[in-house]
Structures are given as C-alpha cells and as structure tokens.
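In: This is a predicted model, with the sequence first.
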Amino acid sequence: MKRQTTFVILIITCLIVVVFVMKKTKENSVHAYLKGTYTSKQLPFNSFVFDTEDNYTFYYYHYDEFLHTQTVEKGTFSKASEDSFILESEYFDGKGIYPNKNNGFSIIINNKEYNFTRISRIPIFIKWNE
C-alpha cells in the first residue's frame, strides 16, 4: 500500500512538472520569433530591433529622406495570431507584420511591402549622434 501511494504521488508530481514546463515553454516562444535585429535589402538603411526582455519593445531605425535625418520609432509588439504580430507605436499604430520562411517577416510601409531578415538573435541598438 505504501509503495502504491508513493508511486501515485511520484506520477502526479511528474505530470505537474511536465505541464508547467510545457506551459512556460509555450509562453516564452510566443514572442521569441521576433527577438533580435532585422534588416532589409530593399531598405538598406532601415532596421527593426525586437527586444523581448524590455517588455516586448521594438525599435525601427530609418533614414527620413524628406527631413534628411536619422529617426528611431519605438513601440511594443504582441502576437496577434500564429502567423502575425501587431506593432503598437505612433507610426505603426496596430500595423501587422507577417513571418516568412526566410527567418524574417514582411511589413507594409508607405503602401509598399518590404521583407526583413534576421541578421542577429541579439538586439543590436544603434546610438546616433544628435
């Protein structure tokens, strides 16, 4: 009897641990896809940086051709569905981005679609002289 009770407790404990680990892994992988730095061949001076450790913050570095200045847009991102994320910021208010098979994503900026590819899993922040 004592052996059966120990076995049942052991099984229940193992199940709880497995469920907890699976849930935690799923939570961590929700935004992990976008972690890091992304660039585009179509927009060589633009990049996106996604930092999951800073409350899911993103930075969009770009050169403003009209103002002739370097600009950074900061906001947050969240997963909208299995195949899309939402960017929230002043410029990207609710704009969707869509992962692709090339370890990157596509996004529409100024009514044109651009593809960005991850160049590093580490967020690389740019400090511009002001």
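Out: Nice, thanks for sending it over.

In: I'd say Pro123 and Lys35 touch.
Out: Yes - shown here, Pro123 and Lys35 form a contact pair, counting by C-beta atoms under 8 Å, at 7.1 Å. Where C-beta positions appear, they are placed from N, C-alpha and C, glycine not excepted.

In: any shared contact partners between these two?
Out: Jointly contacting Pro123 and Lys35 under the rule C-beta atoms under 8 Å, 6 or more residues apart in numbering are 50-51.

In: low pLDDT regions in the protein?
Out: Residues of the chain meeting the criterion pLDDT under 70: 1, 7-10, 12-32, 128-130.

In: And the helices in it?
Out: Chain-ordered helices for the chain, with DSSP state H as the definition, fall at 2-32.

In: center of it, which residue is that?
Out: The chain has Leu34 as the residue nearest its centroid, 2.5 Å off, counting by C-alpha atoms, centre = their mean.

In: check contacts around it.
Out: By C-beta under 8 Å, 6+ apart, Leu34 lies in contact with 50, 52, 58, 77, 85, 97, 105.

In: where's the last one relative to Ala80, distance?
Out: For Phe105, the distance to Ala80 equals 12 Å [C-beta to C-beta, to the nearest Å].

In: higher neighbour count, those two?
Out: Taking neighbours as other C-beta atoms under 10 Å, Phe105 and Ala80 compare with Phe105 leading, 23 against 14.

In: Just grab the bridge partners of the more buried one for me.
Out: Phe105 has these beta-bridge partners by DSSP bridges: Pro99, Phe116.

In: re earlier: how far away is the residue nearest to the centre of the chain from His68?
Out: 30 Å.

In: can I see the domain layout of the protein?
Out: Domains of the chain are assigned by automatic domain parsing as 1-30, 33-120.
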